[in-house]
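Colleague: Need a 3D model of the following:
(chains A and B)
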Amino acid sequence: MTPLLFVLLAFVVSVVAGTLGALLGLGGGLLIIPALTLWFHVDIRYAIGASIVSVIATSSGAAVTYVRDRLTNLRVAMVLELATTTGAMTGAYLAGRVGSKTLYLIFGVVMAYSAAMMFRKLGHDESRPARRAPWADWLRLHSSYYDEALSREIPYRVSGTRIGLGLMYVAGIVSGLLGIGSGALKVPAMDLAMGLPLKVSAATSNFMIGVTAAASAGVYFMRGDIDPFVAGPVAVGVLLGAQAGVRLLGRLESRSIRVVFVLLLLWVSAQMLLKGART
Amino acid sequence: MRNVERAISNVLRIGVLASIGFILVGMLVTFAHHPSYLVTPGDLDRLTHPGAAVPRTVGDVLRDAAALQGHAIVALGLLILIATPFARVLVSVFAFVAERDRTYVLITSLVLLLLLLSFALGGILG
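Modeller: Numbers count the residues shown, from 1 in each chain, chains lettered A, B, ... in the order given. Just a heads-up that it's a prediction; the model follows:
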């Protein structure tokens, strides 16, 4: 493969990763790392470096539009970022102190469980009865968004703020420990525990993963793990792909997005269980 | 709240466009300096394995980018991308100050503080 062909192919793969990432509220790492290492034989260090860059690219690229169109719930994002950043620091502290085998197995099971719960919600209406939510009231988290597929404004109420904070702390720990964006944990936490509409959960998760990734990206950069020749085309591809993902999210119905998300969760869960069984 | 949203969206747009610009120019310069990359398969291994030209400090990147080295111009674009989320947290602090929203000034400042702390800790531990 010539360097030129590599750049073009890495770009194409990254467009796909960016599209999926922006649509589902995840970083692109799930696709980027295996593609770079297995297909293009890139050194794993540089593949991980490029994947961390791809998470930031997905987040910033999609958020330009999600924030402007008010799909992102900014207040929810800011409040939950308190928990994810604290969690990420705890994770970095725990790294090396906890066996990764146990972790992979635990999170494999957690993700399979989230997939099942999210699947169960498929038959139901997206809205749910109002619950008492003193914290969400005080933090003014309730909001509304314009659903392009339904062509109307959808108001929603947020609840379970404390549970959400707890789950985000755990998601932060996972990010810090396993070096993944953990959008796969953030989206179900907002969707299931806090009652945010799925599209808002995806857009808000997307917004948050960029910050956590940027904190670790600095370290990867200083370590020399971010190879411009690999990360450059990946970043541009993901940034452009994210624009496509944003359009898709607007137009697709929530239930279609839910189906794709559940399938992806199951895939990630299987990957983690396999990794856990092997290490 | 509209102003906060607009401010954040604008910061992100500037960061994203600037980084795409630098990366594309850097890639073009790289290929212009090394025409063999267009045809020789052997070069790829060297570029994607340890020993590749990977700048590690902001100083390196700026110096080499000023000398019009392709990989450093790409790296500059990547640094801008990495800095964008920090910039958006910083801007949201100011945007909430302008809104006189005390609760959220406090929350976003705390996030910024935690972020800087984890960055510093990462530098020491990593």
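Colleague: so residue A:144 is in which element?
Modeller: strand A:143-147 (DSSP states H and E).
Colleague: Now do the buried residues in that strand.
Modeller: Within strand A:143-147, the residues that qualify as buried are A:143, A:145, A:147, counting by 16 or more other C-beta atoms under 10 Å in any protein chain shown. For the C-beta atoms, the positions are set from N, CA and C on the backbone; glycine is no exception.
Colleague: That strand packs against which elements?
Modeller: strand A:152-156, helix A:198-223 (3 or more C-beta pairs under 8 Å, 6 or more residues apart in numbering or on different chains; DSSP states H and E).
Colleague: Output stretch A:157-171 in CSV with nothing but the alpha carbons.
Modeller: What follows is stretch A:157-171, C-alpha atoms only, in CSV (Å, rounded to 0.1, in the frame of the first residue of the first chain):
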residue,chain,number,x,y,z
ARG,A,157,-38.6,16.5,31.9
VAL,A,158,-35.3,15.3,33.5
SER,A,159,-35.3,13.2,36.7
GLY,A,160,-32.9,10.9,38.5
THR,A,161,-30.1,13.5,38.5
ARG,A,162,-28.3,11.9,41.5
ILE,A,163,-28.4,8.4,39.9
GLY,A,164,-27.2,10.0,36.7
LEU,A,165,-24.3,11.6,38.4
GLY,A,166,-23.4,8.3,40.0
LEU,A,167,-23.5,6.4,36.7
MET,A,168,-21.4,9.1,35.0
TYR,A,169,-18.8,8.8,37.7
VAL,A,170,-18.6,5.1,36.9
ALA,A,171,-18.5,5.9,33.2
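Colleague: list the buried ones in the helix ranked longest in chain B?
Modeller: The longest helix of chain B (DSSP state H) is helix B:2-33. Of the residues in helix B:2-33, B:4-5, B:7-9, B:11-13, B:15-16, B:18-20, B:22-27, B:29-31 count as buried by neighbour count, 16+ other C-beta under 10 Å.
Colleague: Does anything pack onto it? Which helices or strands?
Modeller: Counting by 3+ C-beta pairs under 8 Å, 6+ apart, helix B:2-33 packs on helix A:44-68, helix A:74-94, helix A:228-251, helix B:70-98.
Colleague: Minimum distance to residue A:261: which of the ones you listed has it?
Modeller: helix A:228-251 (11.2 Å; C-beta to C-beta).
Colleague: Could I get the average pLDDT for the closest one?
Modeller: The average pLDDT within helix A:228-251 is 95.
Colleague: With stretch A:104-113 instead?
Modeller: For stretch A:104-113, the per-residue pLDDT averages 84.
Colleague: Also stretch A:5-18?
Modeller: 95.
Colleague: Just give me how far that stretch sits from the chain centre.
Modeller: Mean C-alpha position of stretch A:5-18 versus that of the full chain (C-alpha atoms, centre = their mean, to the nearest Å) differs by 20 Å.
Colleague: can you list contacts of it?
Modeller: Stretch A:5-18 has contacts (C-beta atoms under 8 Å, 6 or more residues apart in numbering or on different chains) with A:1, A:28, A:30-32, A:35-36, A:39-40, A:54, A:57-58, A:61, A:229-230, A:232-242, A:244-245, B:27, B:44, B:47-48.
Colleague: ChimeraX command to pick out the buried ones of those?
Modeller: Those of the contacts of stretch A:5-18 that count as buried under 16+ other C-beta under 10 Å are selected in ChimeraX with:
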select /A:28,30,31,32,35,36,40,54,57,58,61,229,230,232,233,234,235,236,237,238,239,240,241,242,244,245 /B:27,44,47,48
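Colleague: same question for the longest helix of chain B, mean pLDDT?
Modeller: 95.
Colleague: Can you name every helix or strand that the next helix-or-strand element following that helix contacts?
Modeller: Next along the chain after helix B:2-33, taking DSSP H and E as the criterion, comes helix B:43-47. On a contact count with 3+ C-beta pairs under 8 Å, 6+ apart, helix B:43-47 meets helix A:3-24.
Colleague: centre of the chain versus the helix it packs on, how much separation?
Modeller: The answer for helix A:3-24 is 17 Å, by C-alpha atoms, centre = their mean.
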